[in-house]
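Student: below are the sequence and a predicted model; questions follow.
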Amino acid sequence: MDSKWKGELPAAGLFVVAICLGLIGRNNKPETVTAGVQREEPAKTEVVLGAKIAETGTGITVTKADDWSSEFTNEYETFMQNNENDEVVDYLEQSPYLKTLYEGYGFAISYGSARGHTYDIDDLYATGRPHKLANCFTCKTSDFTAKVLNEGDSAYAMAFDDFKSEVQDPFGCFHCHENTPGEMYVTHGYLADALGDDLNTVPAADLSCAQCHTEYYFDPETKATTLGYHGLDTMNPEDILAYENSVKDTEGNQFADWVDESTGTRKLKAQHPEFETYYGEGSIHKSFDLTCADCHMAKETAADGTAYTSHYWISPLQSDTIMNSTCAQCHSDLDALKAKVKEIQDETTTRETEIGQKLVQLDEKLTDAVNNGTMSDEDLDTVRSLYRDAQFYWDFVFVENSEGVHNSALTKETLDKAEELVDQALAKF
């Protein structure tokens, strides 16, 4: 079974990838010790809960990443190392069945793996998917983040091409620090709105990543980037699906990212839910309070002895520093750990493909039923609903960039739900 990744161990691209510390069972308890796992809780850097919320109003400007380069040389140079993550895997070429599942949507036209954060704007412009509104700039440039802080939700509804001329700073320091070095900020209000009081219980090092590594949708009326939950308790695939299923569009129909014209199914498109997956039930890494930074941002020492945090976001499996400082606290055999990660990822991608092929079968049968009039309207709607929900659960895993390693228990559970629903739908024929 081919992985979605080229090579055995994926590099961290736009999204966080393989996290490193152990397997999980239900109820947050470790399974049988494997891959050299030791049972003691790993030591961590001091965890700072919560983050400042960026103020809104007029006059907010962006200090570009380049402008910090002389004062924070080590951080800037490692940030620019993200240019090294420049490979793109064409998912449509690798997995042609995706063209059927995403038919009628931009992802059936162009869908490739993300590169480093430094390529965000280039990749946004280069994709063959059409962009109508400026909300597509969310998380792609500091300038749009500042635009929303200054002007509110109206910025999301701007025409895409009208905002292009305002882009001066791609993804930069502003997203996580505003213009205050060393301070952590939530600059995307939709995350603060979704978490509410729970925001102050989440480590700043996780909030920083959660602003963009999350499942979202565009509000049908305002076009604003919106998260489908209220608080950590509802931040799971089942509740997110129920939330998005309850949303109505401006015409009173059930919300859909797009309508599959061949089957009449109103579909949802999941988006890189790393935060929701990592914080989901059964995450052993979260139970140890390890943050995204612990596993993806190495603690380095410069030649002059200066200690700093690397801003080269990378898989821990590709960083000896992280492997030895973080992973080795619980894993005595790092080679066994790498093998276990590959095993989890291979198992996940195999199931993704198997369930994806079942969804294609369902699509074909439903298309035939629509074209030939062999089903009642009531039965068609029942199958469409099952199809919509099954594909959402499948997609929730497919687009989560760790391929199961962030939370293997939740990954398996979500794929089980997808398969159960698609089997129910296929049984209708």
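Tutor: Okay, I see it.

Student: where along the stretch 201-350 of the chain do the helices fall?
Tutor: Using DSSP state H, counting those that start in this stretch, the helices found in the stretch 201-350 of the chain span residues 204-210, 237-246, 274-278, 284-287, 292-296, 320-325, 334-372.

Student: try the stretch 51-200 of the chain
Tutor: Assigned by DSSP H, counting those that start in this stretch, the helices in the stretch 51-200 of the chain fall at 73-80, 91-94, 98-101, 120-126, 142-151, 160-164, 174-177, 189-195.

Student: what sits up against stretch 186-196?
Tutor: 51-54, 56, 138-139, 145, 148-149, 174-176, 178, 199, 202, 207, 210-212, 214, 216, 224-232, 235 (Cβ atoms under 8 Å, 6 or more residues apart in numbering). C-beta: built from backbone N, CA, C; applies to glycine.

Student: are any of those buried, and which?
Tutor: The neighbour-count test (16 or more other Cβ atoms under 10 Å) applied to the contacts of stretch 186-196 identifies 51, 53-54, 138-139, 145, 148-149, 174-176, 178, 199, 202, 207, 210-212, 214, 216, 224-229, 232, 235 as buried.

Student: distance of the closest residue to residue 172 other than its chain neighbours relative to residue 322?
Tutor: Spatially, and ignoring its direct neighbours in sequence, residue 172 is nearest to residue 65 (3.7 Å; Cβ to Cβ, 6 or more residues apart in numbering). Distance of residue 65 to residue 322, computed by Cβ to Cβ, to the nearest Å: 23 Å.

Student: still on that earlier bit, any chance of the helices of the stretch 201-350 of the chain in a markdown table, with mean pLDDT and distance to residue 265 too?
Tutor: Shown next, in a markdown table, are the helices of the stretch 201-350 of the chain (pLDDT from 0 to 100; distance: least, Cβ to Cβ, whole Å):
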| stretch | mean pLDDT | distance to residue 265 |
| --- | --- | --- |
| helix 204-210 | 97 | 30 |
| helix 237-246 | 98 | 13 |
| helix 274-278 | 98 | 24 |
| helix 284-287 | 90 | 34 |
| helix 292-296 | 96 | 35 |
| helix 320-325 | 95 | 42 |
| helix 334-372 | 98 | 7 |
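
Student: contacting residues for residue 141?
Tutor: The contact partners of residue 141, taken as Cβ under 8 Å, 6+ apart, are 120, 121, 167, 169, 170, 171.

Student: burial measure for the residue lying closest to residue 113 once chain neighbours are set aside, as a count.
Tutor: With sequence-adjacent residues excluded and distances taken as Cβ to Cβ, 6+ apart, residue 113 is closest to residue 89, at 4.1 Å. Using other Cβ atoms under 10 Å, residue 89 has 18 neighbouring residues.

Student: same question for residue 255.
Tutor: 19.

Student: all strands of the stretch 1-150 of the chain, in order?
Tutor: 52-53 (DSSP state E, counting those that start in this stretch).

Student: where does it have low pLDDT?
Tutor: Within the stretch 1-150 of the chain, the segments meeting pLDDT under 70 span 1-46.

Student: quick check: which of the helices of the stretch 51-200 of the chain is buried the most?
Tutor: Ranked by mean neighbour count under mean count of other Cβ atoms under 10 Å, the helices of the stretch 51-200 of the chain are led by helix 174-177, which reaches a mean of 24.

Student: quick one: mean pLDDT over that helix.
Tutor: Helix 174-177 shows a mean pLDDT of 96.

Student: tell me who's in contact with the residue nearest to residue 172.
Tutor: Contact analysis of residue 65 by Cβ under 8 Å, 6+ apart lists 76, 79, 169, 170, 172, 173.

Student: residue 253: which of those residues is nearest?
Tutor: The closest of those to residue 253 turns out to be residue 170 (Cβ to Cβ; 36.2 Å).

Student: residues in contact with the closest residue to the closest one other than its chain neighbours?
Tutor: Leaving aside its chain neighbours, residue 170 sits nearest to residue 121 (4.4 Å; criterion: Cβ to Cβ, 6+ apart). By Cβ under 8 Å, 6+ apart, the contact list for residue 121 reads 140, 141, 167, 170, 171.

Student: in this structure residue 400 contacts residue 277, no?
Tutor: Yes. With contact defined as Cβ atoms under 8 Å, residue 400 reaches residue 277; the gap is 5.1 Å.

Student: what touches both of those two?
Tutor: With Cβ under 8 Å, 6+ apart as the test, residue 400 and residue 277 both reach 406, 411.

Student: residue 383 is nearest to which of the helices of the stretch 51-200 of the chain?
Tutor: Nearest of the helices of the stretch 51-200 of the chain to residue 383, taken as Cβ to Cβ: helix 98-101 at 15.2 Å.

Student: give me the helices and strands touching the closest one, please.
Tutor: When contacts are defined as 3 or more Cβ pairs under 8 Å, 6 or more residues apart in numbering; DSSP states H and E, helix 98-101 sits against helix 91-94, helix 334-372.

Student: mind redoing it with 10 Å?
Tutor: helix 91-94, helix 334-372, helix 377-398 (3 or more Cβ pairs under 10 Å, 6 or more residues apart in numbering; DSSP states H and E).

Student: what does the pLDDT read for the spatially most central residue of the chain?
Tutor: Nearest to the mean C-alpha position of the chain, by Cα atoms, centre = their mean, lies residue 272 at 2.2 Å. Residue-level confidence at residue 272 comes out at 96, pLDDT.
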